[in-house]
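# Curious how this folds, go ahead:
(one chain, ligands or ions: 1)
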Amino acid sequence: MDLPWQLYVFAFLVSTQLFKLRRQYERRKALSEIPAVGPSGVLRSYKTVWRYIRDARSVLQEGYQKSNGGLFRVPQISGWFVITAGRHLEDLRTAPDSQLSLDAAGAELLQSDYTMGKDIRLDTYHLGVLRNVMTKKLPTMLLDMADEIRFSFNDLIDRKFTDSPNEWAHIRASEVFTIFVARITNRSFVGLPLCRNDDYCNINIYFAHHVMFGSAVINCFPNFLKPLVGAVYNKISGLRTRIVVHLRPLIEQRQREKAAGEQRSDDMLTWLMDAAPPGHQSVEAISERLLNVNFMALHTTAMTFTHALFHLAARPEYIGWLRDEIKENLGTEWIDSPNVLDKEKIEKCWKLDSFLKECGRLNGLGAFSLPRKSLVPFRFSDGSIIPAGTIVAAAPTATHLDNTLFENAAEFDGFRFYKQRREAEARYGAASAEEVKCRLTSPSAGYLAFGGGRHTCPGRFLASLEIKLMLAYLILQYDVRTEEEGVRPPDFWFGPVCTPSQSAAVLFRRRAKL
Ligand code: HEM
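Numbering: from 1, shown residues only. The predicted structure follows:
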C-alpha cells in the first residue's frame, strides 16, 4: 500500500523537531551548573521567560546581583542565554571569533541571513572601511555634518515657531531627531541631494523595524522553512529592493567616473565601492551594504542623542555650564560658517564628553549586549564551560549600576567622567592611559555602551562627533525644557531593548542672542 506524501512530510517535520529538542535538552544539561534566574525546570522556567519579555532589566539585574560577579543564565523561549560579568565579561570581550562569534549570534537572534542579507556575514569588508577610511576622514566629514545640522534645525525645528517672542515650540524628540540623524549621517554617506530625500531616509529608518520584526517572525519557523519565509518576508517588506532604486544612479555614475579616471565624491558610498571584493560589487550588493551600515548607525545615534536631550531638558543647570564650555572652545562663528570648525576644538569640550558618557551609562540601548554564539565548547578563565551553540552576552544596565564600578551608580552626575579625567590628567598627564579611559569613546569592562573587545563599535568616533555637534548647535541656539519641568520622560522598554520615550515632546525656545 502506498503511503500518502503528507505522511512523509509529517514524519520529516516531527523528526527534525525531535532532533532539535534533543539538542536543546543536551545543552540545558550542560548548563545546569551555572546558576539560573528563577526556576530552571523546563516548564516552570517559562514564568521567567514571561518576566523577561515584560521586564528584562530586572531579570538581568537579579541575576547580576545573585551571581556576585559570576556567570548566570536566563531562560528564553528557545533555550538559555548565559550572561557574563567581571572576569567572565573580560573573557567574552577577548575571545576569538572562531570560539565566540558575533556574526553567528546575529544570524540566530536577528536572522541576519534573511533580514539583512547573507553578504554582510560572508564578507565584513565594511568594518575595514569604518575603522580605517572613515575614521581618518572625520575632519572633513565634520564640515558637511555641521552644514547639514544647520539646514536640519532650520527645516525641522525653526519651522515650528510662529513670530511671537519667547515662544516655546513642542518638538516630538524621538521622531524628529531620528530624521535629523538619517539626514546628517547620510550627508557624509551619499551626499546632497539624496541625504534629504524623504523616501530614501525613511527606507533607512524603517529597515531597523524590518530587521527586528522579521527576525521575530522568521524565528518562529523551523530552519528548513526559513529561506522560504525570509524570501516571502523580503518581498512583502520591499525595502531591500527600494533602496536600490535610489542608489543605482549614484553607483553607476561613480562607476563611470572611476572608469574615466575622474574625480569622484569622497563619501561612504565611494569608500564601500572601492573596498568591495569581487562578488560584492554589484549595484544590489553595494546598496544592501550601505543599507546595513545605516542600520547600525542611525537608531543607535538617534537614541543616544535623544536620551541626552531628555537629560538636558530635565536638568537646565547643565545647559549654562555646557554653553560656556562650547563658547570657550568653539566660539559661535561656526554656526553660520561651518568651515571654521575643527575636530580638535570639539575634543576640548570635556564636560560635554562627560555628560554624554554619563547619559550612555544610565540610558543605553538596552539591558543585553555583546551577544556572541559559542561555535565550540568554550572554557572561561575560571574553568566554567559552556557548550557549542550557546548564546552568551553581557548585561550593560546591571554593569553600569554596579556600585563597585561607579560611585553612587544610580545617581546621574553629568560631570562624573569630567572630574575623573581632570584628576587623571593632573596625576598621570594628558593623553595618559588613565585620562583616555575617561573619554566617551573609550570602552572598558565597566562601560559597555559601545560594546567591547574585538567588536567594539567602529562607528563610535563618528557618532560621538555627530552627537556633540548637534548638541553644541542646540545649546547655543535654543533653551530647552521638558513638558513637566524637571521631570525626564520615562524610557520605553520592550524585553531587553530600551528606547527613549517615543511620544514625549521637548520644548524649544529660540535664544535672541548667542
Ligand atoms: C551612539 C551611537 C552608537 C552606539 C551606542 C553603538 C553601539 C554599538 C554596540 C553596543 C555594538 C556591539 C559591539 C559588541 O558587540 O561588542 C556596535 C557594533 C557596531 N556598530 Fe555601533 N553604535 C553606535 C553608532 C554606530 C555608527 C554611527 C556606526 C556606523 C557608521 C556603527 C557601526 C557599527 C558596526 C558596523 C558594528 C559591528 C562591529 C563588528 O561587527 O565588529 N555604530 N555598536
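# Show the contacting residues for the residue nearest the centre of the chain.
Central residue of the chain (CA atoms, centre = their mean): residue 300, 3.6 Å from the mean position. By CB atoms under 8 Å, 6 or more residues apart in numbering, the contact list for residue 300 reads 365, 457, 459, 463. Using the backbone N, CA and C atoms, a C-beta is placed for each residue, glycine as well.
# Among those residues, which one lies nearest to residue 236?
residue 365 (27.3 Å; CB to CB).
# ok, back up a step: please identify the helix or strand for the residue nearest to the centre of the chain.
helix 283-314 (DSSP states H and E).
# ok, that helix near the ligand or not?
Yes: interface with the ligand: helix 283-314 contributes 293, 296-297, 300-301, 304 (CB under 6 Å from any ligand atom).
# One more: stretch 192-206?
No: Stretch 192-206 is not in contact with the ligand by CB under 6 Å from any ligand atom; minimum separation 12.0 Å.
# Let's see the distance spanning that stretch from one end to the other.
21 Å (CA to CA, to the nearest Å).
# would JSON lines of the residues of helix 283-314 next to the ligand with pLDDT be doable?
Listed next are these as JSON lines, based on pLDDT from 0 to 100:
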{"residue": "293", "pLDDT": "98"}
{"residue": "296", "pLDDT": "98"}
{"residue": "297", "pLDDT": "98"}
{"residue": "300", "pLDDT": "98"}
{"residue": "301", "pLDDT": "98"}
{"residue": "304", "pLDDT": "98"}
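# Flag every residue of the stretch 351-500 of the chain that's near the ligand.
Counting by CB under 6 Å from any ligand atom, the stretch 351-500 of the chain sits next to the ligand at 365, 369-370, 449-452, 455-460, 462-463.
# Just checking, which of those residues comes out lowest on pLDDT?
Ranked by pLDDT, these bottom out at residue 452 (89).
# Report the buried residues of the helix or strand containing residue 274.
Using DSSP H and E, residue 274 sits within helix 268-275. Within helix 268-275, the residues that count as buried by 16 or more other CB atoms under 10 Å are 268-273, 275.
# about what we covered before: quick one: the helix holding residue 300 to chain centroid distance?
The chain centroid and the centroid of helix 283-314 are separated by 7 Å under CA atoms, centre = their mean, to the nearest Å.
# Got phi/psi on residue 260?
phi -90, psi 0 (degrees, to the nearest 10).
# Kindly provide the distance from it to the ligand.
29 Å (CB to the nearest ligand atom, to the nearest Å).
# how much does the helix holding residue 300 deviate in direction from helix 268-275?
140 degrees (axes from the mean of the first three to the mean of the last three CA atoms, to 10 degrees).
# Let the chain start at 217 from now.
In the new count, where the first residue is 217, that last one comes out as helix 499-530.
# Do you have the helices of the stretch 417-566 of the chain handy? List them.
442-453, 455-475, 484-491, 499-530, 533-546, 559-563, 566-578 (DSSP state H, counting those that start in this stretch).
# now for these, which one comes closest to residue 718?
Comparing the helices of the stretch 417-566 of the chain by CB to CB, helix 499-530 comes nearest, at 9.4 Å.
# What's the mean pLDDT across stretch 488-508?
97.
# Can you get me the start-to-end distance on it?
12 Å.
# Off-centre distance for that stretch?
22 Å.
# where in this protein is pLDDT low?
By pLDDT under 70, the low-scoring segments of the chain are 217-219, 221-222, 224-245, 730.
# Which stretches in it count as strands?
288-292, 295-300, 316-317, 385-388, 585-590, 594-595, 601-602, 607-610, 694-698, 708-710, 713-715, 721-726 (DSSP state E).
# Parallel or antiparallel, list what pairs with the last one.
In the sheet, strand 721-726 lines up against strand 385-388 (antiparallel), strand 694-698 (antiparallel) (DSSP bridges).
# same check, this time on the fifth one
Within its sheet, strand 585-590 is paired with strand 316-317 (antiparallel), strand 607-610 (antiparallel), according to DSSP bridges.
# residues from the stretch 417-566 of the chain in reach of the ligand?
So far as CB under 6 Å from any ligand atom goes, the stretch 417-566 of the chain lies against the ligand at 509, 512-513, 516-517, 520.
# What distance do you get for residue 579 to the ligand?
11 Å.
# measure stretch 436-448 end to end?
14 Å.
# ok, how many other residues are close to the closest residue to residue 396 other than its chain neighbours?
Nearest residue to residue 396, sequence neighbours excluded (CB to CB, 6 or more residues apart in numbering): residue 368, at 5.0 Å. When neighbours are defined as other CB atoms under 10 Å, residue 368 has 24 of them.
# Provide a list of residues in contact with residue 301.
Counting by CB under 8 Å, 6+ apart, the residues that residue 301 touches are 280, 283, 285-287, 610-611, 614-615, 618.
# Can you select the buried ones from these in ChimeraX?
To isolate the buried members of those in ChimeraX, using 16+ other CB under 10 Å:
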select :280,283,286,287,610,611,614,615,618
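# Which ones among the contacts of residue 301 lie within helices?
Using DSSP state H, the subset of those located in helices is 280, 283, 614-615.
# picking that back up, what would the strands paired with strand 721-726 look like in a markdown table with mean neighbour count?
A markdown table is the format used below for the strands paired with strand 721-726 (neighbours: other CB atoms under 10 Å):
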| stretch | mean neighbour count |
| --- | --- |
| strand 385-388 | 16 |
| strand 694-698 | 20 |
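# still on that earlier bit, what's the farthest-apart pair in the contacts of residue 516?
Between any two of the contacts of residue 516 (CB to CB), the greatest distance is 13.0 Å, for 581 and 675.
# Between those two, which is the more surrounded one?
Comparing residue 581 with residue 675 by other CB under 10 Å, the one with more neighbours is residue 581, at 22 against 19.
# Correct me if wrong: that one contacts residue 709.
No: counting by CB atoms under 8 Å, residue 709 is not a contact partner of residue 581; they are 11.5 Å apart.
# Look up the residues that both of these two are in contact with.
Joint contacts of residue 581 and residue 709 (CB under 8 Å, 6+ apart) do not exist.
# Any chance of the helices of the stretch 417-566 of the chain in a markdown table with distance to residue 424 as columns?
Below are the helices of the stretch 417-566 of the chain laid out as a markdown table (distance: least, CB to CB, whole Å):
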| stretch | distance to residue 424 |
| --- | --- |
| helix 442-453 | 12 |
| helix 455-475 | 10 |
| helix 484-491 | 18 |
| helix 499-530 | 5 |
| helix 533-546 | 30 |
| helix 559-563 | 28 |
| helix 566-578 | 19 |
